[in-house]
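Trainee: dropping a prediction and its sequence here:
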Amino acid sequence: MKFANNKAEWDAVTGGNDGLIAVQISTKTCGPCKVIYPTFVGLSEEFAEKATFVKIMGDTDTESRALMKEWGVRVVPLFMLWKNGEKIAEWSGAKPDVLRENVTRSEERRVGKECRSRW
């Protein structure tokens, strides 16, 4: 598990990484974010050889807020999957089964428009 709370940290964590990157964006006061976090940590351990997992706290400081604004984050928890430097999926919600399914599908290269959301 890696942590990045601003653009420079994001670049340092992900720079040159063409593999799968799973991102959880949270805030300090988000209850559902705290509920889903242990699942995210578990997946980071399960997929340690196949993906990089990054946690971003979007309300840490002005730089983290700027990153959230740049990415258009309006709801948390928000999850993103990146591959080859491009975002391949995004969804919100604190459903462990949806998180697991989307990470598994992306690792198997079957994610994209069919990525499940919280709805």
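Mentor: Received, thanks. All of these numbers come straight from a predicted model, not from anything done at the bench.
Trainee: roughly how far is stretch 35-53 from the heart of the chain?
Mentor: Taking the mean C-alpha point of stretch 35-53 and that of its whole chain, the gap between them comes to 10 Å (C-alpha atoms, centre = their mean, to the nearest Å).
Trainee: tell me the buried residues in it?
Mentor: Burial within stretch 35-53, assessed by neighbour count using 16 or more other C-beta atoms under 10 Å, is assigned to 36-37, 39-40, 43-44, 47, 51-53. No exception for glycine: its C-beta is placed from N, CA and C like everyone else's.
Trainee: of these, closest to Trp82?
Mentor: Within the set of those, Thr52 lies nearest Trp82; the separation is 8.9 Å, counting by C-beta to C-beta.
Trainee: surely the closest one forms part of a helix?
Mentor: No - with DSSP: H, G, I helix; E, B strand; the rest coil as the criterion, Thr52 is located in strand rather than a helix.
Trainee: pLDDT weak spots in the protein?
Mentor: Low-confidence segments of the chain (pLDDT under 70): 109-119.
Trainee: so what sits opposite the spatially most central residue of it in the bridge?
Mentor: With the centre of the chain defined as its mean C-alpha position, the nearest residue by C-alpha atoms, centre = their mean is Val23, 1.5 Å away. With DSSP bridges as the criterion, the beta-bridge partners of Val23 are Val54, Met80.
Trainee: thought it was touching Trp82?
Mentor: Yes - the pair Val23 and Trp82 qualifies as a contact (C-beta atoms under 8 Å) at a distance of 6.9 Å.
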